[in-house]
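Engineer: Got a sequence here, can you model it:
(one chain, ligands or ions: 1)
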Amino acid sequence: MRNGWAGRGARILACIAAVGFAAPASRAADSVLGPEAAKTMPLADAHFHVMPWMDIAQVIGYMDRNGIRWAGGAAAVGPPVRDMQAIAALGRRYIRSTGQVQWLAIKRQDSVEALENAGGPLFKQMLASVETDLRDNGARAISEIHVNTLQSAANQIVYHKIDAHAPTLKALLDLAAKYGRPLNLHAQWDDDTAREFQQLAESNRNARLILSHCGSFASASAMRELLEKNPNVYCDLSYRSPPQLKGRAIDRTVFDSALRSDWMQLIEDYPDRFTVGVDDVQSWGDYEATVRNIRFGLLANLSPAVAEKVAYRNAVAWFALE
Ligand SMILES: [Zn+2]
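Structural biologist: Predicted coordinates for the structure are as follows:
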């Protein structure tokens, strides 16, 4: 067992003691969900991209095999028709999102600078289109909006850094509040981004603001400060585990077959703020390995009620899932 990590089941307490963490009073300290119950708990995959290599007809089969009841919350990668195919194939199990395609179109057709210009014609078009999707087309999130990805971009088109409290993002947050749907930002946790992100959160406390990948490489203590100061901030734990994390990025790991004890304590203290997600994967093997780590590394090591919230109850509430 590595120092600073909580292993499965009963080992957790010994490990917490070993690294000097006290179990928080709110937690049923002597009881974690355990692998048996973690195996069958329903999941809401709240940050999932249908990938170009996926046969859309196979997605629902893999969801079923892996106990995933709902998936989405982020756009399909590829042309917009892929999202339409996912909607047709997954029906109400697809957590439909809007905004990413329009957001990246501004950069493609104009520039990175245009992503900060709320008065620009392309952004105005985006706002109208996102509002239509929220109001009329069943979109349940504005997501995934790339803000700062300089060390966490999946590809060139999402590679940039803008001000995390730009007027454009404030306008999207206001729209999120108006329709009661979350805004999900990919904002890797550089110092300036962290400060700006909190200013954005303050600008409209009625909106739910989700931080993708819990800040990509943010520490548990940085997230604790964020959650404590900002009651309207939430985060998804996608892309914080292997096999997606490898090589030099491995130190961003929150869980693999075990859960870091500082993160365990944080999630136990803020059980309403976290969801899980598979995000983007390059094979069905990686998809299933990611879900295995979610079940046996993360959920099994949380107390049962907290595990249930992180597994699906929070996502059901945030996205009003049926
Ligand atoms: Zn993503």
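
Engineer: mind listing the strands for the stretch 1-150 of the chain?
Structural biologist: Along the stretch 1-150 of the chain, counting by DSSP state E, counting those that start in this stretch, strands occupy 5-6, 43-48, 68-73, 94-95, 97-99, 141-148.

Engineer: The ion is nearest to which of those?
Structural biologist: The ion lies closest, by C-beta to the ion, to one member of those: strand 141-148, at 4.7 Å. Using the backbone N, CA and C atoms, a C-beta is placed for each residue, glycine as well.

Engineer: List the contacts of that closest one.
Structural biologist: 47, 73-75, 95-100, 103-104, 130, 134, 153, 158, 160-162, 164, 169, 172, 175-176, 181-188, 190, 193, 197, 210, 212, 318-319 (C-beta atoms under 8 Å, 6 or more residues apart in numbering).

Engineer: Could you pull up the residues touching the residue in the stretch 201-322 of the chain positioned nearest to the ion?
Structural biologist: Nearest to the ion, among the residues of the stretch 201-322 of the chain, is residue 279, at 4.6 Å (C-beta to the ion). For residue 279, the contact set (C-beta under 8 Å, 6+ apart) comprises 47-49, 74, 213, 238-239, 244, 290.

Engineer: For the ion, tell me which of those show up nearby.
Structural biologist: Among those, the residues within reach of the ion (C-beta under 5 Å from the ion) are residue 74.

Engineer: near the ion, which residues of the stretch 201-322 of the chain show up?
Structural biologist: residue 279.

Engineer: Repeat the analysis, applying 6 Å as the threshold.
Structural biologist: With C-beta under 6 Å from the ion as the criterion, the stretch 201-322 of the chain comes near the ion at residues 279-280.

Engineer: where's the nearest residue to residue 104 once chain neighbours are set aside relative to residue 107, distance?
Structural biologist: Excluding the flanking residues, the one nearest residue 104 by C-beta to C-beta, 6 or more residues apart in numbering is residue 157, at 5.8 Å. According to C-beta to C-beta, to the nearest Å, residue 157 stands 7 Å off from residue 107.

Engineer: When the two are compared, which one has more neighbours?
Structural biologist: residue 107 (19 against 12; other C-beta atoms under 10 Å).

Engineer: Identify, by residue count, the longest helix of the protein.
Structural biologist: helix 121-136 (DSSP state H).

Engineer: Can you list the neighbours in contact with it?
Structural biologist: Contacts of helix 121-136 (C-beta under 8 Å, 6+ apart): 96, 98-99, 102-103, 105-106, 109-110, 114-115, 117, 139, 142, 168, 171-172, 175, 178-179, 181.

Engineer: So which of the residues you listed are in helices?
Structural biologist: Going by DSSP H, the helices hold 102-103, 105-106, 109, 168, 171-172, 175, 178-179 from these.

Engineer: Enumerate the residues of the stretch 51-200 of the chain near the ion.
Structural biologist: Residues of the stretch 51-200 of the chain lying near the ion (C-beta under 6 Å from the ion): 74, 144.

Engineer: Tell me where the protein has helices.
Structural biologist: Using DSSP H, the helices of the chain run over 11-18, 34-40, 56-65, 81-90, 100-109, 121-136, 167-179, 191-203, 220-229, 261-269, 284-292, 304-308, 314-319.

Engineer: CSV for the ones you listed, including mean pLDDT?
Structural biologist: Converted to CSV, those look like this (pLDDT from 0 to 100):
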stretch, mean pLDDT
helix 11-18, 39
helix 34-40, 97
helix 56-65, 97
helix 81-90, 95
helix 100-109, 96
helix 121-136, 98
helix 167-179, 98
helix 191-203, 97
helix 220-229, 98
helix 261-269, 97
helix 284-292, 98
helix 304-308, 98
helix 314-319, 98
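
Engineer: By mean pLDDT, show me the worst of the strands of the stretch 1-150 of the chain.
Structural biologist: Among the strands of the stretch 1-150 of the chain, strand 5-6 carries the lowest mean pLDDT, a mean of 58.
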